[in-house]
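Pasting a predicted model and its sequence here:
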Amino acid sequence: MTPAVLGLVLFASLAHALWNIAAKSVSGKGYAFVLAYHGLSAILLAPIAIWLLVSGTHEFSLSLLGAAALSAVFHIAYSVSLQSGYDHAPLGVVYPTARGVGPIITIIVAVLFLGERPTAPETIGAFIVLAGIAVVTVHPKRVGGGRTTNGGYGTNSHGVGRGLAWGGLIGTFIASYTLWDDFSVNHITDSPLLYFALSEICVATIMALGIVTIPGGAGRRADFTAILVGHKRALLTVAILSPLAYLLVLYAMQQAPVSLVAPVRETSIIVGTLLAWWIFGEKNIGMKLTGAVVVVAGIGLIALG
């Protein structure tokens, strides 16, 4: 991985951690918030997609649209489960677990279905990542659970268990969209920008239909209005930083193997863990930071392997 590509991925990691902190600040309105920020991202990206097509720089095809639509399904599953996870468990557990599990699943899929064989450092790194996740989620003292007055959570075993479960589910979706998007930008289109813009438009369209047709739509529409009125800063932050972070990753995946890009982008774990302690008052920062460093060390071995 060249220094330039590494710089892209590390900057994407910082942007990713920041937008996750903003997303954590919006609770109880998961579906509506996801629709709102993906919808705004789609509005911002649509003129760019139109210009790329009209100018003849890139061509539209049904295979491109199909790839973007499948990517949209994976990203919807990821985004909705992420918001739900943040509503029900500590960010300091959900975030590092999800970001650590994703690369592990990617390696397993690559070995079982893509014929890849990880080197010894990659295998060791995978186990170190799992060990780091355990450090993040195990606490020497049990304290009262539940949400704290500043939006954080206690660190009892029940909250940790929820965080592990949500993190594992989210990590599965991370691996799914990472593997598919890597294939798409290397075999279906040479324009990550057009591909991602179409994907965001598909996400917004599918979720807009869902808020009308899925039972409970009236409540979600009320949540949507409340988000537009009361969460403008979080909405704008996520709508800008989320696509920026992932576009950088897509460009990086065109220039470096996904087995390197996917793990390195998880350096966002350290930023996310520190911000969870600082902003939301989540406890046991020493253990969480130690675990986060262990996770990143394992990711480093995976990348170097």
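Ah, there it is.

separation between the closest residue to residue 191 other than its chain neighbours and residue 192?
Sequence neighbours aside, residue 58 is the residue nearest to residue 191 in space, at 4.6 Å (criterion: Cβ to Cβ, 6 or more residues apart in numbering). From N, CA and C alone the C-beta is placed, and that goes for glycine too. To residue 192, residue 58 is 11 Å away according to Cβ to Cβ, to the nearest Å.

I'd guessed the residue nearest to residue 191 sits against residue 52; true?
Yes: judged on Cβ atoms under 8 Å, residue 58 makes contact with residue 52 at a distance of 5.0 Å.

Give me the common contacts of those two.
191, 194 (Cβ atoms under 8 Å, 6 or more residues apart in numbering).

contacting residues around the residue nearest to residue 181 when sequence neighbours are not counted?
Nearest non-adjacent residue to residue 181, counting by Cβ to Cβ, 6+ apart: residue 71, 5.7 Å away. By Cβ under 8 Å, 6+ apart, the contact list for residue 71 reads 177, 180-181, 184, 195, 199, 202.

With residue 87 instead?
27-28, 30.

What is the three-state secondary structure of the residue nearest to residue 191?
With DSSP: H, G, I helix; E, B strand; the rest coil as the basis, residue 58 sits in coil.

tell me the pLDDT at it?
Looking at residue 58, its pLDDT is 88.

Sketch out the low-pLDDT regions of the stretch 51-200 of the chain for me.
137-159 (pLDDT under 70).

what do you get if the cut-off is 50, keeping everything else the same?
Applying pLDDT under 50 to the stretch 51-200 of the chain flags the ranges 141-155.

Among the contacts of residue 71, which one has the most neighbours?
When neighbours are counted by other Cβ atoms under 10 Å, residue 199 leads the contacts of residue 71 with 30 neighbours.

tell me which element it falls in.
In the assignment (DSSP states H and E), residue 199 maps to helix 192-213.

Return the alpha-carbon coordinates of that helix using CSV.
Extracted C-alpha coordinates of helix 192-213, given in CSV (Å, rounded to 0.1, in the frame of the first residue of the first chain):
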residue,chain,number,x,y,z
PRO,A,192,-16.4,4.8,-7.6
LEU,A,193,-18.1,8.3,-7.5
LEU,A,194,-20.8,7.3,-10.0
TYR,A,195,-21.3,3.9,-8.4
PHE,A,196,-21.6,5.3,-4.9
ALA,A,197,-24.0,8.1,-6.1
LEU,A,198,-26.3,5.6,-7.7
SER,A,199,-26.1,3.4,-4.6
GLU,A,200,-27.1,6.3,-2.4
ILE,A,201,-30.0,7.2,-4.7
CYS,A,202,-31.1,3.5,-4.5
VAL,A,203,-30.9,3.6,-0.7
ALA,A,204,-32.9,6.8,-0.5
THR,A,205,-35.6,5.5,-2.9
ILE,A,206,-35.9,2.1,-1.1
MET,A,207,-36.1,3.6,2.3
ALA,A,208,-38.6,6.3,1.2
LEU,A,209,-40.9,3.6,-0.1
GLY,A,210,-40.4,1.7,3.1
ILE,A,211,-41.5,4.6,5.3
VAL,A,212,-44.7,4.6,3.4
THR,A,213,-45.4,0.9,3.1
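
buried stuff in it?
By neighbour count on 16 or more other Cβ atoms under 10 Å, the buried set for helix 192-213 is 192-204, 206-207, 211.

give the contact list for the closest residue to residue 101 other than its chain neighbours.
Of all residues not flanking residue 101 in the chain, residue 171 sits nearest, at 2.8 Å (Cβ to Cβ, 6+ apart). By Cβ under 8 Å, 6+ apart, the contact set of residue 171 is 97-102, 104-105.

Helices of the stretch 201-305 of the chain, residue ranges please.
Taking DSSP state H, counting those that start in this stretch as the test, the helices found in the stretch 201-305 of the chain are 217-230, 232-255, 258-264, 268-280, 285-304.

just these: most buried one?
Mean neighbour count (mean count of other Cβ atoms under 10 Å) peaks for helix 258-264 among these, with a mean of 24.

Now find how far off-centre that one is within its chain.
The chain centroid and the centroid of helix 258-264 are separated by 14 Å, computed with Cα atoms, centre = their mean, to the nearest Å.

could you give the mean pLDDT of that helix?
Here the average pLDDT along helix 258-264 is 79.

now do stretch 8-20
90.

Could you dump the contacts of residue 71 into CSV with distance to residue 272 added?
Formatted as CSV, those follow (distance: Cβ to Cβ, whole Å):
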residue, distance to residue 272
177, 19
180, 24
181, 21
184, 27
195, 26
199, 24
202, 27
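
nearest to residue 255, of the residues you listed?
residue 181 (14.3 Å; Cβ to Cβ).
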